[in-house]
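**Student:** quick one, what's the 3D model for this:
(one chain, ligands or ions: 2)
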Amino acid sequence: AGKPLIAPSLLSADFSDLRREMETVATAPWLHLDVMDGHFVPNISFGMPVIKALRPHSKAFFDAHLMISPVDPHLDALAEAGVDQMTVHVEGNWHLNRTLQRIAALGCKVGVALCPATLPEVLGEVLELVDTILVMTVNPGFGGQTFMPGQLPKIRRLAQMIDENEERTGRRILLGVDGGINLQTAPLVTAAGARLLVAGSSVFGQKDRPATIAALQAAACA
Ligand code: DX5
Ligand code: ZN
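**Tutor:** Ligands and ions are numbered 1, 2, ... in the order given. Here you go, the predicted structure:
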């Protein structure tokens with residue numbers, strides 16, 4: 001249901017020129033911002049001060065993918081930095097229900113992300129609190145990794161859970177994927193039911209960003 005949305009991930013941009021890099025992907029209405037802490041994932045990227053500095057220069061929907069643990073102490077600052085959605089991992093967040101409620105109370109949309117080793121059923125008790133589900137199709141921490149086709153059944157299962165939830169509640173949850181998305185893998189994930197496609201290296205690795213985003217969009221519709 002619905003047209004696939006390509007969300008460029010700034011992680012693969014040239015960090016010495018972030019604002020201009022962000023402006024090259026302005027044709028995409030959604031920007032994916034990977035926050036890493038060197039603890040939940042074995043890499044450190046950027047945090048709230050950088051997001052806050054970028055915020056006035058973009059009209060895009062800012063989705064912060066929070067690969068940090070614990071995440072709770074940082075939610076207020078992220079809202080203050082101007083993110084539109086916070087996507088938190090179910091792994092490493094013991095009181096997920098509380099965390100998701102807090103994000104909503106801050107006026108932000110609520111996303112949850114699942115690492116490759118995590119079963120989809122873990123979300124069964126929180127669907128009512130969730131706007132977006134993000135399936136990691138690589139182990140989080142780095143851009144440019146290879147897509148894991150073993151995650152496709154999980155995407156299909158979550159699409160089914162989302163349909164059932166919509167029948168019950170009338171509310172549609174957006175299903176996303178993150179990691180290894182390119183022209184070859186985009187049609188596989190949309191066929192499995194994903195409608196939000198995060199793409200880092202496949203977008204920022206190309207010179208013509210608007211054409212690349214359009215090509216991914218077309219591939220996702222195929
Ligand atoms: C990885 C990040 C991704 C990353 C994807 O931990 O969550 O958002 O930018 O990069 P690609 O698209 O290159 O796999
Ligand atoms: Zn991400």
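
**Student:** and the residue of the chain that's closest to ligand 2?
**Tutor:** H65 (3.7 Å; CB to the ion). Yep, even glycine has a C-beta here, placed from its N, CA and C like the rest.

**Student:** let me know the secondary structure of that residue.
**Tutor:** strand (DSSP: H, G, I helix; E, B strand; the rest coil).

**Student:** neighbours around it, how many?
**Tutor:** Using other CB atoms under 10 Å, the number of residues around H65 comes to 27.

**Student:** what parts of this structure come near ligand 2?
**Tutor:** Listed as neighbours of ligand 2 in the chain under the rule CB under 5 Å from the ion: D34, H65, D178.

**Student:** one step back: wait, the residue of the chain closest to ligand 2 sits on F40?
**Tutor:** No. In terms of CB atoms under 8 Å, H65 does not count as a neighbour of F40; the distance is 11.2 Å.

**Student:** now stretch 60-73: mean pLDDT?
**Tutor:** Per-region confidence: stretch 60-73 scores 98 on mean pLDDT.

**Student:** shaky segments in the chain?
**Tutor:** Judged by pLDDT under 70, the chain has its weakly predicted residues at 1.

**Student:** how about the helices in it?
**Tutor:** Assigned by DSSP state H, the chain shows helices spanning 18-23, 48-54, 75-81, 96-105, 152-169, 186-192, 201-204, 209-221.

**Student:** buried residues of the second one, list them for me.
**Tutor:** It stands for helix 48-54. M48, V50, I51, L54 (16 or more other CB atoms under 10 Å).

**Student:** for these, which one is nearest R157?
**Tutor:** I51 (32.1 Å; CB to CB).

**Student:** about what we covered before: which of the helices of the chain sits closest to C115?
**Tutor:** Comparing those by CB to CB, helix 152-169 comes nearest, at 10.7 Å.

**Student:** mind putting the residues of the chain next to ligand 2 into JSON lines with distance to ligand 1?
**Tutor:** As requested, the residues of the chain next to ligand 2 are exported to JSON lines (distance: CB to the nearest ligand atom, whole Å):
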{"residue": "D34", "distance to ligand 1": "5"}
{"residue": "H65", "distance to ligand 1": "5"}
{"residue": "D178", "distance to ligand 1": "5"}
